[in-house]
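In: quick one, what's the 3D model for this:
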Amino acid sequence: MGKRTVITTILIQTFCWAMISLILAKENPLPVNAFVQTTTPQPFMGPIYYGQENVWQVFDHNLPCASVCDDDVPPPPQGTPTNVYVIHYDGSKHDPITPTPEGDPYIPGGFGYDEHGGIDYSLEYEPVLAAASGIVDYANWHNSSNHRAGYGLYIVLDHTDTDYQTFYGHLSVLSVQEGDEITIDLNDPSNRNRILGISGNTGAAFGTGGLCGPVPNDPTCGQHLHFEVRRKNQIYGVVNPYGWIAPAGTLDPWANYNPPPPTPGGATSYDLWQNEPAVDTDQYPGGTPLAEPAVNNARMIIDDGSADFSTIDTCWVYTPGNDSFNNSYRRANANGPNDCRARWTIRPDAFTLPGDYDVFVHIPEDSTASLGAVYTITHNMQTSRAIVVQAAYLDNNTEHNAWAYLGRYDFAMDTAVSEFIELYDAIWSPDGRQLAFTADDTIWLLSPGEPPTQLTQTTITARHPAWLVEE
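Out: Predicted structure coming up:
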């Protein structure tokens, strides 16, 4: 047999075996969790908030299926609930807190909800930080027609150098959009550039009476941050970022969960924290609190009575209001037939330096505040977007002040560069309700070169941007 014949024979055999393998794989598909990690991943995450918080709900290793699979009822003919407890990452069992999705009585005890696929921290309208560098894969509503569904307003961050994505749920402000790259400076881990948004209570948040009502009725009901980690390229590959630390020989139910298709299989949890967030409670280990940097003194204030404020079209109506900045604001019906916009133009003086500015909006009291006000920030030849649940920031809210943080942006502060903030008469997620906009005032806080002043209810009242949208 010649050399050419041998090579040809080998190629034919290789092709035949490849075809046989493809046929077998099609007839006998591998379960999702067959593609498991073969090595322990390196920890890569850091604090996801400033300061110290409580852990309210833990990750349920038995099993964190939520609506993806029902871990309470086995297949027929048994039909009897077999999993009615939460398994913590140390293997201990706990009675679950009932989330009352169907009006069941609230059980104020236990380590968390049955089937909970994440960890809940006790943030109350506070900055939410990226756990690690990455690219924003999603920033929107879980369900645009139901703001009480799922994660509510949430963010997914893709950590490109790892096998993981992180989820941040129940927010009240999104200060990032899809495609934004978040880079964490390891020499300055508390930098405000890692802020993704502000926590809140949108989505399926629960209080002592069950599922919370409309956000305008009680924006503090069930307020918290839901943090979740998932493996990429796996259907519902949720994992516990604190790992599995049960005694040797105690198997993790979720890592060993292998149901028949199409139900997704489980995933192995590893400790992914390079530096844990600081916690007051003892369910999980905590790290050193990350100090929140002070917000500096106001450099620029733009009120709706300022010459730098303008409106497009005749849709805006002057409205008096003692709770608004300088006792008045502008109002417009939403989704009108014309191009209805309000604009706050940045006109720097000779003393205004270029650099990063923190931007806030003031929300005056209004009976029909928006659940999806969209602000566009045009800065240094870039355009960014922020979404604010204004209903959560009304001026009569005693739990937190009426100033919503839009984020930190790089401004040229050059008269040759057009820079401004705009508000449109369109909501981010139409849900059938009438919408109106109100424009109040604006403030910019300079980061470099100004003496710091801590942002408090007292210091803010005369300084920030303010508009309101109503749904």
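In: partners of the strand ranked longest in the chain, with directions?
Out: Using DSSP state E, we find that the single longest strand of the chain is strand 164-174. Strand 164-174 sits in its sheet next to strand 153-158 (antiparallel), strand 195-199 (antiparallel), strand 225-231 (antiparallel), strand 382-388 (antiparallel), going by DSSP bridges.
In: can you put these in a markdown table and add mean pLDDT?
Out: Shown next, in a markdown table, are the strands paired with strand 164-174 (pLDDT from 0 to 100):
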| stretch | mean pLDDT |
| --- | --- |
| strand 153-158 | 98 |
| strand 195-199 | 97 |
| strand 225-231 | 98 |
| strand 382-388 | 93 |
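In: rebuild the ones you listed as a markdown table, extending it with distance to Tyr85 and mean neighbour count.
Out: (Each C-beta comes from the backbone N, C-alpha and C, glycine too.) As requested, the strands paired with strand 164-174 are exported to a markdown table (distance: least, Cβ to Cβ, whole Å; neighbours: other Cβ atoms under 10 Å):
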| stretch | distance to Tyr85 | mean neighbour count |
| --- | --- | --- |
| strand 153-158 | 28 | 23 |
| strand 195-199 | 28 | 25 |
| strand 225-231 | 21 | 24 |
| strand 382-388 | 38 | 20 |
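In: let me have those strands in CSV, adding distance to Glu53 as columns.
Out: Output for those, formatted as CSV (distance: least, Cβ to Cβ, whole Å):
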stretch, distance to Glu53
strand 153-158, 18
strand 195-199, 10
strand 225-231, 8
strand 382-388, 23
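In: nearest to Trp273, of those strands?
Out: strand 225-231 (10.2 Å; Cβ to Cβ).
In: give me the contacts around the very next helix or strand once past the closest one.
Out: As assigned by DSSP states H and E, the chain's next helix or strand after strand 225-231 is strand 238-239. Defining contact as Cβ atoms under 8 Å, 6 or more residues apart in numbering, one finds that strand 238-239 is touched by 59, 64, 117-118, 164, 228-231, 267-270, 272.
In: min pLDDT across the residues you listed, which one?
Out: Of all those, Pro64 carries the smallest pLDDT score, 91.
In: which parts of the chain are helices?
Out: Remark: helices assigned in the chain by DSSP state H are 3-27, 457-460.
In: of those helices, which shows the lowest average pLDDT?
Out: Going by mean pLDDT, the lowest-scoring of the helices of the chain is helix 457-460, which has a mean of 26.
In: need the pLDDT of Ala392.
Out: Per the predicted model, pLDDT is 85 at Ala392.
In: wait, isn't it in contact with Cys221?
Out: No - using Cβ atoms under 8 Å, Ala392 is not in contact with Cys221; the gap is 10.5 Å.
In: neighbour count winner among the two?
Out: More crowded of Ala392 and Cys221, by other Cβ atoms under 10 Å: Ala392, with 28 against 18.
In: and for that one, nearest residue in space, chain neighbours not counted?
Out: The shortest distance from Ala392 to any non-neighbouring residue, by Cβ to Cβ, 6 or more residues apart in numbering, is to Pro219 (3.8 Å).
In: pop out the phi and psi values for that neighbour.
Out: Per-residue torsions, Pro219: phi -70, psi -10 (degrees, to the nearest 10).
In: isn't it up against Gly200?
Out: Yes - using Cβ under 8 Å, Pro219 makes contact with Gly200 at a distance of 7.2 Å.
In: more neighbours: which of the two?
Out: Gly200 (33 against 25).
In: check contacts around the residue lying closest to the more buried one once chain neighbours are set aside.
Out: Of all residues beyond its chain neighbours, the one nearest Gly200 is Ser172 (2.7 Å), with distances taken as Cβ to Cβ, 6+ apart. Taking Cβ under 8 Å, 6+ apart, we find Ser172 in contact with 125, 153, 197-202, 219, 388-389, 392-393, 404.
In: do that again at 7 Å, thanks
Out: Contacts for Ser172 (Cβ atoms under 7 Å, 6 or more residues apart in numbering) come out as 125, 153, 198-200, 202, 389, 392.
In: the nearest residue to Gly117 once chain neighbours are set aside: neighbour count?
Out: Counting by Cβ to Cβ, 6+ apart, Gly117 lies nearest to Pro64, which is 3.6 Å off, once chain neighbours are set aside. Residues near Pro64, counting by other Cβ under 10 Å, number 30.
In: my read: Val295 touches Val359, true?
Out: No - Val295 lies out of contact with Val359 (Cβ atoms under 7 Å); the separation is 10.7 Å.
In: who has more neighbours, those two?
Out: Neighbours per residue (other Cβ under 10 Å) separate Val295 from Val359, with Val359 holding more: 25 against 22.
In: wait, that one sits on Leu406?
Out: Yes - with contact defined as Cβ under 7 Å, Val359 counts as touching Leu406 (4.3 Å).
In: please consider this matter closed, and thank you.
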